[in-house]
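Chemist: Any chance you can model this:
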Amino acid sequence: MRVVPNRMHCADAAVYTERYPDLVVCCPAGAREQVEAVVPVDGLAWDVLGPHGITCHSPAGDDSFEHIYELPLRDGAALICADTVFHLREHLPGFSGFIARYITASTGFFGVTRLGRLFLWGKAGLLKEWLLEQADRDDLSAIVVGHGVPVTSDVPGHLREAAARL
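Modeler: Residues are numbered from 1 along each chain as shown. This next block holds a predicted model:
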């Protein structure tokens, strides 16, 4: 199964579907048109993943940004996201590190980047509210991010940190 998390992550979808021709491709509804310009989409994420016990959250209020996926674990649940939040605590070296730190503001914290806030135009309040709701849960044991290291301790604190950046 290949989950294309949002419209910005469909570049490698063609390579994966060529390498694995039986791959089932799914994505959020808001990304479908862009993903289908690259590869055929077999279904929407909530339809394909739901029967496997995976919940698709749309914290920005619709499918125009990306889903955050919730996977059940033996001891609770994990949240998985691609670009909604980053966890690049260490600043990167060199010119690319300069860009990441000062232009895109995507290193040195856990949370939504400057670029992410632009994509959330007018919806940051909805994401902030959702992050705070998740922080109040007692069953979350991990947050897996597409950019950075997973969060496996103080999950509520990290979610509150991300909400405070909005």
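
Chemist: pLDDT score assigned to F65?
Modeler: According to the per-residue confidence, F65 scores 67 in pLDDT.

Chemist: now the strands: where do they sit in the protein?
Modeler: Here the chain has its strands, by DSSP state E, at 2-3, 25-27, 43-44, 55-57, 68-73, 76-81, 86-88, 109-111, 140-145.

Chemist: Now for the residue nearest the centre of the chain: which residues touch it?
Modeler: The central residue of the chain, meaning the one whose C-alpha is nearest the mean C-alpha position (Cα atoms, centre = their mean), is C81 at 2.4 Å. Applying Cβ atoms under 8 Å, 6 or more residues apart in numbering, we find C81 in contact with 5, 66-69, 143-146. C-betas here are computed from N, CA, C, even on glycine.

Chemist: ok, those vs A29, which is closest?
Modeler: Distance to A29 across the contacts of C81 (Cβ to Cβ) is lowest for H67, with 9.5 Å.

Chemist: Across the sheet, point out what pairs with the residue nearest to the closest one when sequence neighbours are not counted.
Modeler: Leaving out its chain neighbours, the residue that sits closest to H67 by Cβ to Cβ, 6 or more residues apart in numbering is C56, at 4.3 Å. Beta-bridge partners for C56, by DSSP bridges, are Y69.

Chemist: measure C56 to L115 for me?
Modeler: Taken as Cβ to Cβ, to the nearest Å, the spacing of C56 relative to L115 amounts to 23 Å.

Chemist: more neighbours, these two?
Modeler: C56 (21 against 15; other Cβ atoms under 10 Å).

Chemist: Could you tell me the model confidence score at that one?
Modeler: Note on C56: pLDDT of 94.

Chemist: The strands of the chain: which one's closest to R165?
Modeler: With Cβ to Cβ, the closest approach to R165 among the strands of the chain belongs to strand 109-111: 3.9 Å.
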